[in-house]
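Trainee: The sequence and its predicted three-dimensional model are supplied below.
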Amino acid sequence: MITLTTAKQVAYVTLANESKRNALNFEMFKQLDGVIKQIKKQRDLRAVILQAQGPDFCTGLDVKSVISKPTDVCKLLFKPLPGNQNLAQRVVLGWQSLSIPVIALLQGRCWGGGMQIALGADIRIASEDASLAIMESRWGLCPDMGASLVLPGILSADNYLQLAMSAEPVTAQQALNLGLVSYVDNDLQHRAAHIIDTFSGRSPDAISAIKRLTQSAYRQPHRRLLAKETFSQIKLLMCKNTRIAIKNASRKDDSFDEYQPRRRW
């Protein structure tokens, strides 16, 4: 469901679960983690293209698939130490750990877990029909895939709160205005190729150094924040309000108004 190919010193990582609109199941998390490790070993690569088959980049977590197997939830959230990255966080922050630029090509829906994976990329290019959403609160959950580390360098606090609390999608143009994406372009591959051509004319050591320095400047101290993300999500998973939210979000009418939390945070 995740494929890795290389051509002309570029790695192409493709989400290929089109029948499920590229919704993320546990196997896809494992495969993404493995692909990132593979790319790290290939020293001759100059860039990564993160893309998806079909009309949607990723519609988020396949909630029913993952929650139906409690052991998978535990495997996603488990970490030997609180400040370490768990599997769910590695598929976002793993792109940041690469010394080469990562470019995400986003079409259609880019929601929830898919949005967080895209946030791990260095550059995001969205097609005009793209729809982007930080969707976790719809299910009574909070973003817990490491996005809290990268978002302060992308969005202002008020814009992030609005997106995360409302779980409402924004258009590609709105995302561009917010700084959530770098470009809006219907020819995603052409735009990405142009960017890679520009970078290829620069020293790979300089590109790597610039990426590391930028991360140091924009990223918060990560171990405490990663621990808080995971702790908050575990707490929410045990909360009655979360069960209510999941039930309501699963209804065919997809109405947010029916969710009446017992307590406001």
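Mentor: Noted; the coordinates are in hand.
Trainee: Give me the residues contacting stretch 201-209.
Mentor: With CB atoms under 8 Å, 6 or more residues apart in numbering as the test, stretch 201-209 has contacts from Arg46, Ser99, Ile100, Pro101, Phe199. Where C-beta positions appear, they are placed from N, C-alpha and C, glycine not excepted.
Trainee: Can you get me a residue count around the fourth one?
Mentor: Translated: Pro101. Neighbour count of Pro101, defined by other CB atoms under 10 Å: 20.
Trainee: if we can go back for a sec, out of the contacts of stretch 201-209, give me the one that has the most neighbours.
Mentor: Each of these was scored for neighbours by other CB under 10 Å, and Ile100 scores highest at 23 neighbours.
Trainee: same question for the one helix or strand Asn241 maps to, mean pLDDT?
Mentor: Using DSSP states H and E, Asn241 sits within helix 240-249. Helix 240-249 shows a mean pLDDT of 84.
Trainee: Flag every buried residue along whichever strand or helix holds Ile195.
Mentor: For Ile195, the host element (DSSP H and E) is helix 188-200. Within helix 188-200, the residues that qualify as buried are Leu188, Arg191, Ala192, Ala193, Ile195, Ile196, Phe199, counting by 16 or more other CB atoms under 10 Å.
Trainee: Also stretch 58-67?
Mentor: Buried residues in stretch 58-67, counting neighbours by 16+ other CB under 10 Å, are found at Cys58, Thr59, Gly60, Leu61, Asp62, Val63, Ser65, Val66.
Trainee: Looking at those, which is nearest Ser131?
Mentor: Thr59 (9.7 Å; CB to CB).
Trainee: ok, the closest residue to that closest one other than its chain neighbours - contacts?
Mentor: The shortest distance from Thr59 to any residue other than its chain neighbours is 4.2 Å, reached at Arg21 (CB to CB, 6 or more residues apart in numbering). Contact partners of Arg21, counting by CB under 8 Å, 6+ apart, are Gly54, Pro55, Asp56, Cys58, Thr59, Gly108, Arg109.
Trainee: counting contacts, what elements does the helix or strand of the chain with the lowest mean pLDDT pack onto?
Mentor: Lowest on mean pLDDT, DSSP states H and E among the helices and strands of the chain sits helix 63-67, with a mean of 77. Judged by 3 or more CB pairs under 8 Å, 6 or more residues apart in numbering; DSSP states H and E, the packing partners of helix 63-67 are helix 70-77, helix 240-249.
Trainee: Same list as before, those that is, but in a markdown table and with distance to Ser131 included.
Mentor: As requested, the helices and strands packed on helix 63-67 are arranged in a markdown table below (distance: least, CB to CB, whole Å):
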| stretch | distance to Ser131 |
| --- | --- |
| helix 70-77 | 25 |
| helix 240-249 | 17 |
